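[1] Just a sequence and a predicted model for now, questions to come.
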Amino acid sequence: MRFRTVLAFAGAAVLFAPSAAQARDATVTSFDGTQIVLSFHPSPSGGKAPTILQGHGWAGSRQTNPDAASDEATGNVGVGALRKAGFNVLTWDSRGFGNSGGTVTVDAPDAEARDVQALIDWLAQQPEAQLDKAGDPRVGMTGVSYAGGIELTTAGIDKRIDAIAPIIAWHSLTTSLYKEETVKGGWASALVAAGLPTSKGRLDPHIVSAFTSGVTTGKLSDEDRNWFASRGPGDLVKQITVPTFLVQGTADTLFTLQEAITSYGILKANGVPAKLLWFCGGHGVCLTGAGPAGHIEASVVAWLKRYVANDTASDTGPKFEWLADDAQWRSTADYPVAPGAPVTASGKGTLVLNPLDVVSGTIASAGRAVNAVNVPVTATAAAQIVGPPELSLTYSGTGVGTHIFAQLVDEKRGVVVGNQATPIPVTLDGQPHTIKRPLEAIAASAPAGAKYTLQLIGGTQLYGPVRGAATITFASVDLSLPTIGASAVSGGANVLAPTRTCLSRRQFAIRVRGASPKVTVDGKRVRSARAAP
């Protein structure tokens, strides 16, 4: 009888014990009735855990693989890495994409951001979700591009989010897609071509309207411009109060380094805990080496563990890290960096704008142009060039045209530094004019004697064809490349790189003081021998 009672009790315990957390899909009804489809991937540790929300890129769909790997080229941190770090992960199809309903409105605060709020409401009811209080789960966000944009926008309107790590996102769609009021025609074509089929045509009409006018004239209507400006985050960054880790690509020609620099400056001025990291990747192609694998993954995980999981032992490293074009990580205490002596150059010349010119580069990267005003640049001493160069032009011109473009060619590598070209507005009325502009930020490691060429050109595939026919004479061209003071560089960052195991089995010797030294490796005592004198 006693034996049967014990068996019955054990059976009851199994019957009523909580089952292991199960991955599952669900559908959430958003504020306007739009159905948003999600996948929930619980932490493998079991029990309650903080949760990371991860969206997807433009024209994509949610990640359904609970063990998905990270992507070095875009910087995306995989669901598998986040779960291994102890987080639940919630992924979803943004409105208009994948299996979700609605119309794509490009991460608008009154649409896609409110969808995320509905997701957080759903998350607060899940048994695996760690809560700060009822209705308020412990939650962070990370993701790349389109997913990064929604992080910044949502963090500005919903204080339940505890930390974010947006990767290759934007500050403003006007400063990124419509810089100096000229459309990035190459990227516009690629984005619309990808978005139309995957959204089943459910793109807001302003997207197609802006594309049509942009590729034909290079301009947007006032209505379309204002619509894109309202998409966010923009001024919403001023409302972000949670720790924010901005990861941006030096080779990213869609959302350039300046987008993250602008957001970081706002957060820093407001006293928000923030970090800035530049890597070689993003929307574009890294031509100069991506550095050791795993650095971004480890950095983002450390940030989320520190500020979402409240792991005070998690080291988030220096506030500014960057990967220069020698594929080496470096860091400083903060950004902007302590300046060193700039690398400067001056020149002059005449540029003829010809709409029949074959423009250089690709839709994702600038390239050396044949028709250009060329100004030689030499780094007389070794320097770390970090930040936006400053360009000053005194010119006069006649004809038809609104912009020229400036780019810096690395003569040793034969590539445009960072793949970047910057539009410069010009007034062609025959009168002399002077204009000063920062160029797109770059990160270049220049050895002593390094040679570059500043090119002033009429068009680039990044933006579109040469739009006009004119002759422009530059009486003076002055360029200043920003450098870092030697004392500001704290050396190769790599503090967050994954631990690596030596597989060579090579032996090595370390000299220590004392007759009978005690040596430990990874907390374990190892044998040591005293060498003969």
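    Thanks, I have it.
[2] domains in this protein, as residue ranges please.
    Using automatic domain parsing, the domain ranges for the chain come out as 24-241, 343-483.
[3] Tell me which of the ones you listed lies nearest to N310.
    Closest to N310 of the domains of the chain is domain 24-241 (C-beta to C-beta; 8.2 Å). All C-beta spots, glycine's among them, are computed from the backbone N, C-alpha and C.
[4] For the stretch 251-400 of the chain, which segments count as strands?
    Ranges of strands in the stretch 251-400 of the chain, per DSSP state E, counting those that start in this stretch, are 274-279, 320-323, 329-332, 343-353, 373-379, 383-387, 390-400.
[5] For D429, which non-adjacent residue is spatially closest?
    The shortest distance from D429 to any non-neighbouring residue, by C-beta to C-beta, 6 or more residues apart in numbering, is to T398 (7.6 Å).
[6] With G156 instead?
    L236 (3.2 Å).
[7] does that neighbour sit in a helix, a strand or a coil?
    With DSSP: H, G, I helix; E, B strand; the rest coil as the basis, L236 sits in helix.
[8] Count the residues that sit near it.
    Neighbourhood size, L236 [other C-beta atoms under 10 Å]: 18.
[9] Roughly how far does it sit from P243?
    Distance, L236 to P243, using C-beta to C-beta, to the nearest Å: 16 Å.
[10] And G75, by the same measure?
    Taking C-beta to C-beta, one finds G75 at 18 Å from P243.
[11] more crowded one of the two?
    Between G75 and P243, G75 has the larger neighbour count (other C-beta under 10 Å), namely 29 against 22.
[12] so who does that one touch?
    144, 167-168, 247, 249, 279, 281-282, 296 (C-beta atoms under 8 Å, 6 or more residues apart in numbering).
[13] Kindly report the same for D204.
    D204 makes contact with 103-106, 227 under the criterion C-beta under 8 Å, 6+ apart.
[14] Phi, psi for it please.
    phi -60, psi 140 (degrees, to the nearest 10).
[15] confidence score at it?
    pLDDT, D204: 96.
[16] List just the nearest of the contacts of G75 to G265.
    Of those, the one sitting nearest to G265 (C-beta to C-beta) turns out to be V247, at 16.1 Å.
[17] so which helix or strand takes in that closest one?
    Per DSSP states H and E: V247 is located in strand 244-249.
[18] what does A165 give?
    For A165, the element it lies in under DSSP H and E is strand 161-167.
[19] now swap in L119 and tell me
    Using DSSP H and E, L119 sits in helix 112-123.
[20] Contacts made by whatever helix or strand comes next after that helix with the rest, please.
    Sequence-wise, the next helix or strand downstream of helix 112-123 (DSSP H and E) is strand 131-133. Residues lying outside strand 131-133 but in contact with it, judged by C-beta under 8 Å, 6+ apart, are 48, 124, 137-138, 160, 162.
[21] Helices along this protein, start to end?
    2-16, 79-84, 112-123, 146-155, 173-177, 185-198, 205-217, 222-229, 257-269, 295-307 (DSSP state H).
[22] Do you know the pLDDT at the most centrally placed residue in the chain?
    Taking C-alpha atoms, centre = their mean, the centroid of the chain lies closest to I168, which sits 2.1 Å from it. On the pLDDT scale, I168 is placed at 98.
[23] Ramachandran angles for the closest residue to it other than its chain neighbours?
    Nearest residue to I168 in three dimensions, chain neighbours excluded: G282, at 4.2 Å (C-beta to C-beta, 6+ apart). Dihedral pair for G282: phi 100, psi -150, per degrees, to the nearest 10.
[24] Just the buried positions in the longest strand anywhere in the chain, please.
    When the chain is scanned for its longest strand (criterion: DSSP state E), the result is strand 469-481. Residues 470, 472, 474, 477-479, 481 are the ones in strand 469-481 that count as buried (16 or more other C-beta atoms under 10 Å).
[25] likewise stretch 398-416?
    Buried residues in stretch 398-416 (16+ other C-beta under 10 Å): 401-410, 415-416.
[26] Then stretch 303-318?
    For stretch 303-318, a neighbour-count test (16+ other C-beta under 10 Å) marks 303-309, 314, 316-318 as buried.
[27] Could you do stretch 263-271 as well?
    263-268.
[28] roughly how far out does it sit from the chain middle?
    Relative to the centre of its chain, stretch 263-271 is centred 17 Å away, using C-alpha atoms, centre = their mean, to the nearest Å.
[29] buried stuff in the helix holding L119?
    Using 16+ other C-beta under 10 Å as the test for burial, helix 112-123 gives 112-120, 122-123.
[30] Go ahead and produce PDB holding the CA coordinates of it.
    Extracted in PDB, the C-alpha atoms of helix 112-123 (Å, rounded to 0.1, in the frame of the first residue of the first chain):
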ATOM      1  CA  GLU A 112       5.100  50.000 -36.700                       C
ATOM      2  CA  ALA A 113       6.200  51.400 -33.300                       C
ATOM      3  CA  ARG A 114       2.700  50.900 -31.900                       C
ATOM      4  CA  ASP A 115       2.800  47.300 -33.300                       C
ATOM      5  CA  VAL A 116       5.900  46.700 -31.100                       C
ATOM      6  CA  GLN A 117       3.900  48.100 -28.100                       C
ATOM      7  CA  ALA A 118       1.300  45.400 -28.800                       C
ATOM      8  CA  LEU A 119       4.100  42.800 -28.900                       C
ATOM      9  CA  ILE A 120       5.300  44.000 -25.500                       C
ATOM     10  CA  ASP A 121       1.800  43.700 -24.100                       C
ATOM     11  CA  TRP A 122       1.600  40.100 -25.300                       C
ATOM     12  CA  LEU A 123       5.100  39.400 -23.900                       C
END
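[31] quick revisit: what is the most widely separated pair among the contacts of strand 131-133?
    K48 and R160 (16.2 Å).
[32] residues in contact with the strand holding A165?
    Applying C-beta under 8 Å, 6+ apart, the contact partners of strand 161-167 are 50, 74-77, 120, 132, 138-145, 147-149, 151-152, 154-155, 240, 242-248, 296, 300, 303-304, 306-308.
[33] redo that, cut-off 7 Å
    With C-beta atoms under 7 Å, 6 or more residues apart in numbering as the test, strand 161-167 has contacts from 75-76, 138-144, 148, 151-152, 154-155, 242-247, 300, 303-304, 307-308.
[34] ok, how many other residues are close to A165?
    Neighbour count for A165, taken as other C-beta under 10 Å: 31.
[35] whoops, I mixed them up, P66
    When neighbours are defined as other C-beta under 10 Å, P66 has 18 of them.
[36] and what of T256?
    T256 has 29 neighbours, counted by other C-beta under 10 Å.
[37] rewinding a little: please convert the buried residues of stretch 303-318 to CSV, extending it with pLDDT.
    Formatted as CSV, the buried residues of stretch 303-318 follow (pLDDT from 0 to 100):
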residue, pLDDT
W303, 98
L304, 98
K305, 98
R306, 98
Y307, 98
V308, 98
A309, 98
S314, 97
T316, 97
G317, 95
P318, 96
